[in-house]
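Q: no sequence on this one, just coordinates:
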């Protein structure tokens, strides 16, 4: 049984690796690709599409546990993978209505996919293997930021513009990768103990499948109502209210490094024919920063001499340095220019080295905030972890959606200023929560 569970975890990680190799690569280049369309009748925006995805995702998280409990995690992940593949396929022959329709569908699919992933990972783990299995899964997932962006770099470097042929080859390749990842979910097998329970039920013929599904649905609805009440109760707690600023900041910077910064690099006239290829290289370096930060701070936090506040402070400093360098290095109109390349002149002559250094710092800082938010929520709400993490993803996704919607209208300097202000406030609030937790003075209810 242990071998079967290990097999399931590895295959699960490989499936997510393939699907998110395709999706994270798409998110990084989406606005650049849509800008390259020589079609005046296509008003679609990559920023708006990504904003829709995160907005729908945030609210769909409230219903996802019920649907996963009814359909089961394996079927749910397979169907969600098909939605991801459908979204990618839209870019082969893009149209505005299909872009926004699939954005809504993939937002719902993402909530189902991640909820099912959590269920399946827990079902295939026990107290002695949960940390190992989680580590294996996340290690495979983080590699998704490298392979697809490497393909973008190799395929687009030296090209001044993205032709229709370039676009179709790129997205057909990403579609194949996503479909392979989706098919991996069909290989997953139920844990051995679950099979024994089902075979016993079937042999005794106590319940028909129709009655079993109805009972499962009723149970899932009751659990969903209970969880929703817990979420509402936690939303009123002082700890969550304080941490919400830090969660909101994590949403803003998520949208910036995953969709906006790559677009800015690709639009920078001073990079000439390197610009399009640098989008992929920037995505790779962001991924390296995430991997280094996740591994480093995962180890650091096991040492009691290092506090969560130290890591969050480091994340704030790293991000502020990155924002300042981006402000000096990238033209102010880079995120909003649509039909042409940038017209504004930055304060410094744009440097590829500085641009890639900022990519690394963005990934490193993101890992600082996310690892410590997970850590403090896991500590404060050890007995209520599910609703606490649901609130985290809800707030993070809402603010990521808001950021994507304004990214196509605000100049780069204003976007950086918004992140600096919210990042500073969020860090202060995190410090306050950590201090109060250490003194044991905070009363939740």
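A: Received it, and whenever you're ready, just let me know what you need. Since we're looking at a predicted model, the values are computed, not measured. Numbers count the residues shown, from 1 in each chain.

Q: quick check: buried residues in stretch 32-39?
A: Using 16 or more other C-beta atoms under 10 Å as the burial criterion, the residues of stretch 32-39 that qualify are 32-36. Every residue, glycine included, has its C-beta placed from N, CA and C.

Q: just the closest of the residues you listed to residue 288, please.
A: When the buried residues of stretch 32-39 are compared for distance to residue 288, the smallest value, 21.1 Å, is given by residue 32; criterion: C-beta to C-beta.

Q: where does the closest one fall, phi/psi-wise?
A: For residue 32, the backbone dihedrals are phi -60, psi -40 (criterion: degrees, to the nearest 10).

Q: over to residue 294?
A: Taking degrees, to the nearest 10, you get phi -60, psi -40 for the backbone angles of residue 294.

Q: my guess is it contacts residue 367. True?
A: Yes - the criterion here is C-beta atoms under 8 Å, and residue 294 meets it with residue 367 at 4.8 Å.

Q: could I get the buried residues of stretch 32-39 as JSON lines with pLDDT and secondary structure?
A: Written out in JSON lines, the entries for the buried residues of stretch 32-39 read as follows (pLDDT from 0 to 100; DSSP: H, G, I helix; E, B strand; the rest coil):
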{"residue": "32", "pLDDT": "82", "secondary structure": "helix"}
{"residue": "33", "pLDDT": "84", "secondary structure": "helix"}
{"residue": "34", "pLDDT": "83", "secondary structure": "helix"}
{"residue": "35", "pLDDT": "79", "secondary structure": "helix"}
{"residue": "36", "pLDDT": "77", "secondary structure": "coil"}
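
Q: and which of these is nearest to residue 354?
A: residue 32 (20.0 Å).

Q: what's the burial count for the nearest residue to that closest one once chain neighbours are set aside?
A: Spatial nearest neighbour of residue 32, chain neighbours left out: residue 266 (4.3 Å); criterion: C-beta to C-beta, 6 or more residues apart in numbering. Applying the criterion other C-beta atoms under 10 Å, we find 28 residues in the vicinity of residue 266.

Q: hmm, residue 266 is touching residue 281, no?
A: No - when contacts are counted by C-beta under 8 Å, residue 266 is not listed as touching residue 281 (11.0 Å).

Q: so where's the stretch 51-200 of the chain uncertain?
A: By pLDDT under 70, the low-scoring segments of the stretch 51-200 of the chain are 127-128, 130-131, 192-200.

Q: cutoff 80 now
A: Judged against pLDDT under 80, the low-scoring parts of the stretch 51-200 of the chain cover residues 62-63, 65-66, 69-70, 118-119, 122-123, 125-136, 138-139, 158-162, 190-200.

Q: just the stretch 251-400 of the chain next, same as before
A: For the stretch 251-400 of the chain, applying pLDDT under 80 flags the ranges 272-273, 294-307, 337-344, 375, 378-379, 381-390.

Q: buried set for the strand or helix carrying residue 287?
A: Under the criterion DSSP states H and E, the helix or strand holding residue 287 is helix 275-300. For helix 275-300, burial by neighbour count (16+ other C-beta under 10 Å) applies to 275-291, 293-295, 297, 300.

Q: how many residues are close by the spatially closest residue to residue 144 that is not a sequence neighbour?
A: Spatially, and ignoring its direct neighbours in sequence, residue 144 is nearest to residue 20 (3.9 Å; C-beta to C-beta, 6+ apart). Each residue near residue 20 was counted by other C-beta under 10 Å, and the total is 24.

Q: one more: the one 10 residues further on?
A: The local packing of residue 30 (other C-beta under 10 Å) involves 22 other residues.

Q: list the contacts for it?
A: For residue 30, the contact set (C-beta atoms under 8 Å, 6 or more residues apart in numbering) comprises 46, 49-50, 91, 259.

Q: switch to 6 Å and redo it
A: By C-beta atoms under 6 Å, 6 or more residues apart in numbering, the contact list for residue 30 reads residue 46.

Q: and it, what element?
A: Taking DSSP H and E as the criterion, residue 30 maps to helix 2-35.

Q: what helices or strands is the helix or strand following that helix leaning on?
A: Per DSSP H and E, the first helix or strand lying C-terminal to helix 2-35 is helix 46-60. Using 3 or more C-beta pairs under 6 Å, 6 or more residues apart in numbering; DSSP states H and E as the contact criterion, the elements in contact with helix 46-60 are helix 2-35, helix 96-123, helix 385-407.
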